[in-house]
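[1] Give me coordinates for this.
(2 chains)
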There are 2 protein chains.
Amino acid sequence: MNQIAFLPAREDVLSRRKIIIEDLAELLPAECLVHEARELVPFETDAFISYRRVPLAVALPKTTAQVAAVMKYCHRYKIPVVPRGAGTSLSGGAIPQEDAIVLCLSKMSRILELDYPNRTATVQAGVTNLSISETVGADGFFYAPDPSSQLACTIGGNIGMNSGGAHCLKYGVTTNNLLGVKMVLVDGTIIELGGKHLDAAGYDLLGLVCGSEGQLGIVTEATVRLIAKPEGARPVLFGFPSSEAAGACVADIIGSGIIPVAIEFMDKPAIEICEAFAKAGYPLDVEALLIVEVEGSEAEMDAMLKSIVDIAGRHSVQTVRECQSATEAALIWKGRKSAFGATGRIADYICMDGTVPLSKLSYVLNKTSEITDRFGLRVANVFHAGDGNMHPLILFNANDPEDAAKAEAAGNEILKLCVDAGGCLTGEHGVGIEKRDLMRHQYNDVDLNQQMAVRSAFDDGWILNPSKVFPLEGRPEGRQDA
Amino acid sequence: MNQIAFLPAREDVLSRRKIIIEDLAELLPAECLVHEARELVPFETDAFISYRRVPLAVALPKTTAQVAAVMKYCHRYKIPVVPRGAGTSLSGGAIPQEDAIVLCLSKMSRILELDYPNRTATVQAGVTNLSISETVGADGFFYAPDPSSQLACTIGGNIGMNSGGAHCLKYGVTTNNLLGVKMVLVDGTIIELGGKHLDAAGYDLLGLVCGSEGQLGIVTEATVRLIAKPEGARPVLFGFPSSEAAGACVADIIGSGIIPVAIEFMDKPAIEICEAFAKAGYPLDVEALLIVEVEGSEAEMDAMLKSIVDIAGRHSVQTVRECQSATEAALIWKGRKSAFGATGRIADYICMDGTVPLSKLSYVLNKTSEITDRFGLRVANVFHAGDGNMHPLILFNANDPEDAAKAEAAGNEILKLCVDAGGCLTGEHGVGIEKRDLMRHQYNDVDLNQQMAVRSAFDDGWILNPSKVFPLEGRPEGRQDA
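    Numbers count the residues shown, from 1 in each chain, chains lettered A, B, ... in the order given. Next up is the predicted model:
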């Protein structure tokens, strides 16, 4: 360890980088540190891919103790740290910066304990979302939040972004399924929040940490709730003559108090894109499609479906198609879950993540079309309708800077529209870099100052994921340069 | 307004009090300020009744603007403020102090908006818990958290304590049913957190505020989730030959993934006390009783009950009794919900509120008996078993100081037992004054310092409900004297 009281100034990049790598090499086994240029490439960006930055180095710790050692070091020398799971963030939450080290939890991928009497699993932060359900599936359980990236994304990343997914309508998002974490504070101290019990004595710091985008500490272990698999589940397709009719139908289903497991929405462009990719049997003669999944016993599913069909009938439903087999059900979900990938095959796109009150769904869908029409852009809507969590995919040509600028401007207008409709900038993707400047549209100075004061109460020097969440302007003195 | 830069020092109590009352009288209408000795009596303590303190004055604002004016004034002159709803706190959360004003929200009792398409109600903080369900009941909805004090307790108080209730097993506690708040910060600034949409951009301050016992701000309005009433509901009584058998049965029901609406537990002393009071038809020939409520269609209830009866059979169940009418169902719940009151008729008692992982239920029940036996005290157990939220009622004679000291010592041992079993000091009653010193058993210095840093990020001067939640020793410099 370089026993010096300070590191070379940031201007002296090369020698500073050299010293940091030497020091980290003393804290971590060789296979847990990456710093060669070609090895750094995979860590230069994430699924947002708006730009690339080469970090100083990447630490890939295997234990909480190693995470603590790295944080203690970085805290001492005020080195920015960008936490990372699988790098699937759609808001740029894991994009590094050049003066930072990336702290990647992917090697911490063990399931530590399955406790069925308490219906919990305790896992390391680098475990993938899907692997939990795969591990407990044979015993009749699953982990509910199911982001479309669940094959790759990690629980640590899910906690950072409070991730959702199609089946969160019934079961809630990450914060509703998280019971406890082990977390390394900025100075390397290790704390535990929550546990296998109900409630917390004192403040709900666990709830605060969930969705804080890695700025309050590094989560290394999580205890999550397991849910018993239902007796059966059945996705049903409802085709409508217009997006308005489909949107109004969603509001009526939820407004009547019925909570299916999922209500997913696709407009005509999305139906065509997904059907071409997955051959799921989506109807192509409708303007909008709802995938409504019900679950339970046959009798329960029948009863709930009957109520939903009645409501859909009041909204001019054209097609109601129950799937006839497990294969068909899997195809229906494959089509939906590959929507982003399938869209990427035909055009570049940016995916918005605004959330609106359900009563505003039709209004916001209409206005979204008006906005993209005005910019001369195409849009495909495919989203978690039951939660009001919209995902307009704005299609554009990334090789045309003017087109890209239009897409960004249209995206910003759509997110502002969501906020103005009583909604929110993000449903499940987080703020990241993408939406940090739009935070001023959602919040006034008092709101933002209070959030930043909480951030400073955990990380006074703002070294954890510093460029994310908050607008660069208006930060506390000395925290603007991140 | 006394336009002075400072108030008389705290030592000069009388003139300080006089000036504060004069100043508050300029901020509030006459009917919104209470300061005569006899008028202050109802505000001297709360349902914890461990001791009484006469506050300086009581402000009973009718508007958020009035709350803001009071907070701005108190912040300027560093006058402690104790927020209060209906004063039903069981942990002393609303007990005032002599140098504080009480800010009582009971006059803010209007329901502001019912929004069925979004399944929300927006209410003022002083609205009682039950009045929401009463207001929306005819339209087929209800508000789920149901503390036993729901006839009197307010939503503001429920938010402060993150209150639960028997039916929270299925529907979650307050934090799971709260969508947004309007809150006055310590300096009188008004902020809004959350809304009618999913998720929050940036940090989940709403989740943090819920359960913060009035120390982060004064909630004046809340938007809560409404839930559709089930088709039917049926409480069923299961009698067991021992508390261990009943506890193991609960762990098996939940461990199998079945989530009834409620699983309430009573041991023999509790059964006898409640039956004598409510004539609910509880079996008197069993050692422990579970009230399991199922809901849904007749077929759904039958199917779930069948599974539960099967599991109970593996735990030597003696009696299974389905209720035959709505009247009988109401009596069953009346008996349970009056348990504390009924106990109060036969003895003084203190009610613990520890929470444990379900797999430890039988162990902790056994150990609880050992502890009370050792102190020569009687105990009655009546609690939300499905959540692992235990409520041992320790019976004692309040006129005998030695007996009272024994009861307190036994209670502390029981709460420590819950923590040591992997549980928590509180399930739904909060820390308040009652458990502030026990926080050291649950948390180490790092944990507590982090919670206190968050508190200071909202209220640097610690004027909001200062004597609660945190142990007096170990607080930041200058915050010990509260």
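[2] I'd like to know how many residues surround the residue lying closest to A:Val356 once chain neighbours are set aside.
    The shortest distance from A:Val356 to any residue other than its chain neighbours is 3.6 Å, reached at A:Gly423 (C-beta to C-beta, 6 or more residues apart in numbering or on different chains). Any C-beta I mention is one placed from the backbone N, CA and C, and that applies to glycine too. Using other C-beta atoms under 10 Å in any protein chain shown, A:Gly423 has 28 other residues around it.
[3] can you pull the contacts of A:Gly423?
    Contacts for A:Gly423 (C-beta atoms under 8 Å, 6 or more residues apart in numbering or on different chains) come out as A:Gly354, A:Thr355, A:Val356, A:Pro357, A:Lys360, A:Val364, A:Gly388, B:Gly195, B:Lys196, B:His197.
[4] Is any residue of stretch A:239-256 near chain B?
    Yes: applying C-beta under 8 Å from any C-beta of the partner chain, one finds stretch A:239-256 touching chain B at A:Ala251, A:Asp252, A:Ile254, A:Gly255, A:Ser256.
[5] quick one: contacts of the helix or strand in which A:Glu26 is found?
    Using DSSP states H and E, A:Glu26 sits within helix A:13-27. Outside helix A:13-27, the residues within contact range by C-beta under 8 Å, 6+ apart are A:1-2, A:4, A:7-10, A:33, A:35, A:56-57, A:59, A:66, A:69-70, A:73, A:77, A:79, A:98-99, A:101.
[6] let's see 10 Å
    Outside helix A:13-27, the residues that touch it by C-beta atoms under 10 Å, 6 or more residues apart in numbering or on different chains are A:1-4, A:7-10, A:12, A:32-35, A:55-59, A:61, A:65-66, A:68-70, A:72-74, A:76-77, A:79, A:98-99, A:101.
[7] ok so, going back, any idea how far A:Trp333 is from the residue nearest to A:Val356?
    Separation of A:Gly423 from A:Trp333 (C-beta to C-beta, to the nearest Å) stands at 26 Å.
[8] quick one: average pLDDT of stretch A:290-306?
    What stretch A:290-306 shows for mean pLDDT is 93.
[9] Give me the mean pLDDT for the helix holding A:Glu26.
    93.
[10] and the next element down the chain from that helix?
    Downstream of helix A:13-27, the next assigned helix or strand under DSSP H and E is strand A:33-34.
[11] Each with direction, which strands does that following strand pair with?
    Strand A:33-34 pairs in its sheet with strand A:57-59 (antiparallel), by DSSP bridges.
[12] what about the strand it pairs with, distance to the chain center?
    Mean-position distance between strand A:57-59 and its chain equals 23 Å (C-alpha atoms, centre = their mean, to the nearest Å).
[13] same question, stretch A:231-241
    On C-alpha atoms, centre = their mean, the centre of stretch A:231-241 falls 25 Å from the chain's centre.
[14] Where do the domain boundaries of chain A fall?
    A:13-104, A:111-228, A:232-345, A:347-430, A:443-482 (automatic domain parsing).
[15] got those as JSON lines, with distance to B:Ile132 columns?
    Supplementary listing: these in JSON lines, determined by distance: least, C-beta to C-beta, whole Å:
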{"stretch": "domain A:13-104", "distance to B:Ile132": "36"}
{"stretch": "domain A:111-228", "distance to B:Ile132": "21"}
{"stretch": "domain A:232-345", "distance to B:Ile132": "15"}
{"stretch": "domain A:347-430", "distance to B:Ile132": "19"}
{"stretch": "domain A:443-482", "distance to B:Ile132": "27"}
